Each structure stands twice: as C-alpha cells, then as structure tokens.
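Chemist: A predicted structure for the sequence below; I have some questions about it.
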Amino acid sequence: MAPKVYIETVGCQMNVLDSELVAGSLKRAGYQLAADLATADVVLLNTCSVRQHAEDKIYSTLGKLRRWKAKGSGRIVGVLGCMAQKDRELIRQRAPHVDVICGPGQLARVVELIEEARRSGTPQIAVSLGRAEASRAEVADSFESYDPLREPAMRPNRFQAYVRTQFGCDKFCTYCIVPSVRGPEQSRPPEHILAEVRQLADQGCKEVTLTGQTVNSYKYVAGDGRIWRLSDLLYAIHDLSGIVRIKFITNFPRDMTQDLLEAVRTLPKVCRYLHVPAQSGCNEVLRRMKRLYTVEFYREMLARCRDTIPGVAISSDFIVGFCGETEECFQRTCKLVAEAGFKNSYIFKYSPRPGTKAYDLFADDVPEEVKRRRNNDLLAIQNRVSLSEHRRWIGRTVEVLVEGQSKLAHKRGAIHGDRVQLTGRTMTDHIVVFEGPLSLTGDIVPVYIEDASSFTLFGRRLGPESENAHRGLESQAASEKRSAVAARVG
Ligand code: 5AD
Ligand code: SF4
C-alpha cells in the first residue's frame with residue numbers, strides 16, 4: 001500500500017507554496033496524501049521562525065508526535081522549513097524522535113531524505129550554508145531553487161495559486177530572521193515564472209499571486225541583456241489567456257517604483273491592492289530596524305500609490321514594542337495608522353530572534369505587558385479605520401472571485417436549500433460574504449454591497465439582468481482600465 005503523508009503548514013505564503021510543491025513531489029514518488037494524523041505514516045511539519053511563539057507551538061506539536069510515532073512501527077516525523085534551517089541541533093536535542101530535518105533551500109531532496117530515513121531508521125538532515133559560512137555565491141548556491149511541477153490537488157481550490165518570483169531576502173531588517181533562514185535574494189528567470197503560470201492556467205487556475213519576501217525588488221538580467229522588473233512580469237503574465245486576476249505580495253516601501261504603480265493602474269487583470277509593510281511610524285525605530293526609509297518617505301509613497309492608482313487598497317504590517325520604543329515613538333505609529341487609511345494591518349509584538357542584528361545590538365527593553373497593551377491599542381485604531389474603509393463600499397457593486405463556502409457559515413450550518421453563505425474577494429482584496437449556490441465557486445460574480453464590518457463586506461448577488469443597473473465604481477474603474485489598455489495596445 002502507498003505510504004500516506006500528512007503535511008501541516010504554519011507561517012507565510014512561502015511555506016504554503018513550499019508545502020504544495022513538497023506534496024506534489026511526494027505524490028509523484030508514489031505517496032498518497034492523508035487527511036489527518038490518524039491515517040498517516042509520515043508527518044511533515046513545515047515550520048516558521050519569524051516569532052518565538054511559532055517555534056514554541058512546533059515544539060509542543062513535536063511532543064505530541066513522539067507519542068504518535070511510538071504507537072505505530074515505521075512512522076516518520078519530519079521538520080521542514082525555516083526552523084530546520086535555523087535550529088537543526090536544537091531540534092535533535094529537544095525532539096530526538098525527528099527522522100528528517102530539511103531546510104527551505106533543500107526541499108528538492110525531501111523525498112530522498114524520507115525514503116532514506118524509512119530504509120535506514122537513522123535521522124536525515126539537509127540544510128543550506130549559513131550566511132556567514134561562505135561567500136555570497138556559495139551560500140546562494142546552497143539554497144537550491146525548487147520549482148517542481150505544480151499539483152492542483154494540493155491547493156484549497158484549483159483556481160488560485162501562489163507563484164514564486166524570488167527566493168530569500170537581502171534587506172536584513174535588524175529584527176528579522178528571514179535573510180538567515182531563506183538565504184540570499186535570488187530572482188527566478190522570467191521564462192520559468194511564465195511557464196509555471198501558463199501551466200497553472202492550463203490546469204484551470206484563474207488567479208495567481210506572485211510571491212516574494214520583497215516581491216517588488218524583483219530584478220533579472222536576461223541573456224539578451226534585458227532587465228526584467230516586476231512590472232515587466234505583470235505585463236507578460238497579463239497576456240496569458242485563462243488568467244483573470246494577478247496579485248503580488250509583499251512589497252518593500254523603498255522599491256515601490258513608478259513603473260510598477262503604472263502597470264497596476266493600466267492592466268485590468270492586476271488587482272488594485274498593495275501590501276506595503278511600514279513596521280513603525282517613528283523614524284528612530286525605523287532607523288534601528290534598518291528599514292532604510294523615514295515615515296515621511298513612507299507617507300509620500302502612499303500618496304504616490306493613491307495618486308497613480310485610483311481606488312487602490314493598501315494594507316500594512318507593524319511591530320510594536322521593538323527595542324527602545326518609547327511611548328512617544330508608539331504614539332507616532334498610532335498617528336500613522338489613524339491617518340493612513342489602510343484596509344487592514346497585521347500587528348505583531350516584537351519577538352527577539354537569536355541570529356539577528358537587533359538581538360545582538362539592542363536590549364529587548366519593552367515589557368511584555370506594555371507590548372500587549374500597545375498591540376491592543378494599535379489594533380483598536382486599525383479596526384476603526386478598517387470599519388470606515390469597509391463602509392465606503394456600501395451601495396457599490398463589486399466583482400467577487402468566489403472562493404467557496406464561508407467558514408463561519410459552515411460552522412453554523414447556515415444552508416438554505418441549495419444556497420449557502422459564500423465567501424470571495426474583490427479586485428481590491430476585500431473579503432465579501434453573500435448567499436448563493438456552491439456551484440458559483442471559482443466564478444467571478446457581481447455582488448451589491450449592503451453592509452460592512454471591519455473585516456468583511458456583506459452583499460447580495462446581482463442577477464445578470466440587474467448587473468447593468470447596478471454598475472458600481474469598481475466595474476467602472478475596471479472598464480476604464482480596459483479602455484486604457486486598448487488605447488495602449490492601439
Ligand atoms: N518579531 C515580531 N514580528 C516580526 N516580523 C518579522 N520579524 C519579527 C520579529 N522578530 C513581522 C514583520 C513582517 C511580518 C511578516 O512579521 O511585521 O512584516
Ligand atoms: Fe525580513 Fe525585512 Fe526581508 Fe521582510 S524585507 S523578509 S522584514 S529582512
């Protein structure tokens with residue numbers, strides 16, 4: 001019988017994508033995917049090191065997996081991803097029952113490692129070089145590119161997919177472990193990216209999200225000397241039939257160039273949504289974070305995004321309680337959030353990471369309860385802003401790519417005949433919930449927005465006959481974009 005593998009993923013979109021690729025490789029090697037632990041022979045944890053909390057949860061899961069492993073013979077436990085790269089020795093000490101440790105730059109070897117662990121019964125370890133262990137080129141080489149064929153069955157739905165534009169990161173923000181565990185920034189050749197998107201489109205994929213730690217820093221010098229930027233990729237992907245929506249995450253504020261903003265304005269398939277983390281609203285903190293911009297620069301960048309792309313939605317990330325963050329510093333961040341009009345923000349308490357500059361240079365001097373209070377205060381401000389940002393959409397018609405049944409409705413069993421609570425997203429990345437048949441999953445439908453919370457728009461699906469009567473701003477903007485492209489092409 002084919003061995004069954006269960007993969008649990010935590011962390012960012014890179015991990016979600018890596019897990020899909022690993023699952024695809026295993027399936028091609030004859031493995032089946034298990035729906036849960038109980039039926040699995042192999043359990044893989046794809047891990048995250050960005051905050052201590054994520055690591056603590058993995059060690060607690062590994063504790064449970066010790067008992068799981070003891071209950072059956074030949075069971076395999078694997079740790080993949082950032083923790084494997086960062087802490088292979090610690091994992092061996094704290095969880096000696098782990099059979100496979102495989103860093104994010106070695107995933108091409110994961111099938112071989114599992115097979116060898118099953119055959120020999122001895123732990124298998126594959127990690128890339130540390131950033132200080134060799135020259136940049138040697139370290140980059142040790143983070144192997146991993147872009148095996150895509151496997152639609154691994155994704156929550158087959159019409160949406162992440163596509164990697166680059167590996168690693170070179171920004172070295174002082175709090176961040178990513179450049180150490182994911183290695184040097186390496187942009188993938190555009191022909192690989194385009195071939196992958198073409199393949200996804202052939203498999204029925206409609207929406208691709210281009211993914212890089214700093215996706216807008218993408219730069220590739222082709223053999224003919226042509227320099228490819230993210231905007232060039234957007235134009236090229238836009239030409240591919242089958243793909244109807246293109247998104248990209250995450251952006252670095254300094255690299256938000258005008259060519260990119262103009263591509264977003266011009267291309268009707270590109271979502272008018274930008275995730276551009278600010279991290280702090282205080283220049284002193286930004287300097288200690290080594291973010292390479294001031295809050296004034298960030299505010300100007302936001303204004304430029306909004307001037308260039310009418311109706312664009314922008315979201316951000318913030319870290320509260322970073323080393324040396326005084327109450328005045330924090331108030332500057334509150335002011336930025338109150339004024340910037342973000343659709344939403346992800347807010348994190350600073351978590352010191354051994355191996356980062358901040359860990360070595362600065363004291364983690366903001367007490368935990370102050371971090372918690374600042375987190376709550378900033379969240380309350382953002383929630384107020386999000387509510388008014390979401391309420392602006394009431395009375396408009398939006399085009400929603402339907403992702404499936406809403407989780408909340410699923411839990412409550414809110415089904416009326418063949419109609420269920422559906423959820424999907426707009427071209428500006430707003431979540432919309434409305435009633436309709438499950439068969440709409442994967443379609444783009446017009447929805448008239450009647451209500452809003454801080455996180456969700458609530459609406460009513462428009463029938464084809466009422467579509468024109470209710471043409472709202474979003475549809476108008478989309479058709480304006482279409483004529484802009486027609487003008488460009490003509
Ligand atoms: N502590 C808290 N948050 C962090 N992030 C990155 N490193 C840390 C850290 N050490 C946050 C940043 C980043 C997001 C993905 O995680 O806000 O944008
Ligand atoms: Fe980390 Fe900064 Fe790179 Fe983002 S840009 S992954 S925060 S080092």
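Modeler: Now that the structure is in, tell me what you want to look at. Predicted model, so just to flag it, every value in this text is computed and none were measured. Ligands and ions are numbered 1, 2, ... in the order given.
Chemist: OK, contacts around the residue in the stretch 351-490 of the chain that ligand 1 sits nearest to?
Modeler: Distance from ligand 1 to each residue of the stretch 351-490 of the chain (CB to the nearest ligand atom) is smallest for residue 351, at 3.8 Å. C-betas here are computed from N, CA, C, even on glycine. Applying CB atoms under 8 Å, 6 or more residues apart in numbering to residue 351 gives the contacts 50, 51, 52, 53.
Chemist: switch the cut-off to 7 Å
Modeler: When the contact criterion is CB atoms under 7 Å, 6 or more residues apart in numbering, the partners of residue 351 are 51, 52, 53.
Chemist: ok, residues contacting the longest helix along the chain?
Modeler: Of all segments of type helix in the chain, defined using DSSP state H, the longest is helix 368-391. Contact partners of helix 368-391, identified using CB under 7 Å, 6+ apart, comprise 318, 320-321, 330, 333-334, 337-338, 341-345, 347, 349-350, 430, 452-455, 457.
Chemist: how about 8 Å then?
Modeler: In contact with helix 368-391 (CB under 8 Å, 6+ apart) are residues 313, 318, 320-321, 325, 330, 333-334, 337-338, 340-345, 347-350, 366, 430, 452-457.
Chemist: same question, stretch 59-66
Modeler: Stretch 59-66 is touched from outside by 8, 43, 45, 77, 79, 91, 94, 95, 97, 98, with contacts defined as CB under 8 Å, 6+ apart.
Chemist: same question for stretch 277-291.
Modeler: Applying CB under 8 Å, 6+ apart, the external contacts of stretch 277-291 come out as 172-175, 250-251, 253, 293-295, 298, 316-319, 322-325, 328-330, 332-337, 340, 357-358, 362.
Chemist: for ligand 2, tell me which of those show up nearby.
Modeler: Within the set of the contacts of stretch 277-291, contact with ligand 2 (CB under 6 Å from any ligand atom) is found for 172, 173.
Chemist: in PyMOL, select just the buried ones from the contacts of stretch 277-291.
Modeler: The following PyMOL line selects those of these that are buried, judged by 16 or more other CB atoms under 10 Å:
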select buried, resi 173+174+175+250+251+253+293+295+298+316+318+319+322+323+325+329+330+332+333+334+336+337+340+357+358+362
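Chemist: and residue 376, how many neighbours?
Modeler: Neighbourhood size, residue 376 [other CB atoms under 10 Å]: 11.
Chemist: same deal with residue 33?
Modeler: A count of neighbours around residue 33, defined by other CB under 10 Å, yields 16.
Chemist: does it touch residue 24 like I think?
Modeler: No. Counting by CB atoms under 8 Å, residue 33 stays clear of residue 24, with 10.1 Å between them.
Chemist: which neighbours do those two share?
Modeler: Where contact means CB under 8 Å, 6+ apart, the residues bridging residue 33 and residue 24 through contact with each are residue 154.
Chemist: beyond the host helix or strand of residue 421, next helix or strand please.
Modeler: Assessed by DSSP states H and E, residue 421 sits inside strand 419-425. Proceeding N to C from strand 419-425, the next assigned helix or strand is strand 431-437, under DSSP H and E.
Chemist: find the nearest non-adjacent residue to residue 214, please.
Modeler: The shortest distance from residue 214 to any non-neighbouring residue, by CB to CB, 6 or more residues apart in numbering, is to residue 252 (3.9 Å).
Chemist: return the residues in contact with that neighbour.
Modeler: With CB under 8 Å, 6+ apart, residue 252 has these contacts: 171, 214, 216, 217, 276.
Chemist: now with 7 Å?
Modeler: Counted by CB under 7 Å, 6+ apart, residue 252 has contacts 171, 214, 216, 217.
Chemist: again with residue 197
Modeler: Residues near residue 197 by CB under 7 Å, 6+ apart: 163, 208, 237, 240, 243.
Chemist: okay, and the helix or strand of this protein with the least pLDDT?
Modeler: Between all helices and strands in the chain, the lowest mean by mean pLDDT, DSSP states H and E belongs to helix 473-489, at a mean of 43.
Chemist: how about the residues of this protein by ligand 2?
Modeler: Within reach of ligand 2 by CB under 6 Å from any ligand atom, the chain has these residues: 169, 171, 172, 173, 176, 178, 179, 213, 214, 252.
Chemist: make JSON lines out of the residues you listed and add distance to residue 379, pLDDT and secondary structure.
Modeler: Rendered in JSON lines, the data for the residues of the chain next to ligand 2 read as follows (distance: CB to CB, whole Å; pLDDT from 0 to 100; DSSP: H, G, I helix; E, B strand; the rest coil):
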{"residue": "169", "distance to residue 379": "26", "pLDDT": "95", "secondary structure": "coil"}
{"residue": "171", "distance to residue 379": "26", "pLDDT": "95", "secondary structure": "coil"}
{"residue": "172", "distance to residue 379": "28", "pLDDT": "96", "secondary structure": "coil"}
{"residue": "173", "distance to residue 379": "22", "pLDDT": "98", "secondary structure": "coil"}
{"residue": "176", "distance to residue 379": "21", "pLDDT": "97", "secondary structure": "coil"}
{"residue": "178", "distance to residue 379": "24", "pLDDT": "94", "secondary structure": "helix"}
{"residue": "179", "distance to residue 379": "28", "pLDDT": "94", "secondary structure": "helix"}
{"residue": "213", "distance to residue 379": "24", "pLDDT": "95", "secondary structure": "coil"}
{"residue": "214", "distance to residue 379": "25", "pLDDT": "97", "secondary structure": "coil"}
{"residue": "252", "distance to residue 379": "24", "pLDDT": "98", "secondary structure": "coil"}
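Chemist: buried ones only from those residues, please, as a PyMOL command.
Modeler: Entered in PyMOL, the line below selects the buried ones among the residues of the chain next to ligand 2, by 16+ other CB under 10 Å:
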select buried, resi 169+171+173+176+178+179+213+214+252
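Chemist: between the residues of the chain next to ligand 2, which is nearest residue 70?
Modeler: Nearest to residue 70 out of the residues of the chain next to ligand 2 is residue 178 (CB to CB; 34.8 Å).
Chemist: contacts only, for that closest one.
Modeler: The neighbours of residue 178, taking CB under 7 Å, 6+ apart as the test, are 50, 169, 213.
Chemist: for residue 251, same thing?
Modeler: 215, 216, 274, 275, 276.
Chemist: tell me the confidence at it?
Modeler: As summarised for this prediction, residue 251 has a pLDDT of 98.
Chemist: again, but for residue 469
Modeler: According to the per-residue confidence, residue 469 scores 43 in pLDDT.
Chemist: near ligand 1, which residues of the stretch 101-250 of the chain are found?
Modeler: 175, 176.
Chemist: need the helices for the stretch 101-250 of the chain, in chain order.
Modeler: With helices called from DSSP state H, counting those that start in this stretch, the stretch 101-250 of the chain shows them at 110-120, 136-142, 178-182, 190-202, 230-238.
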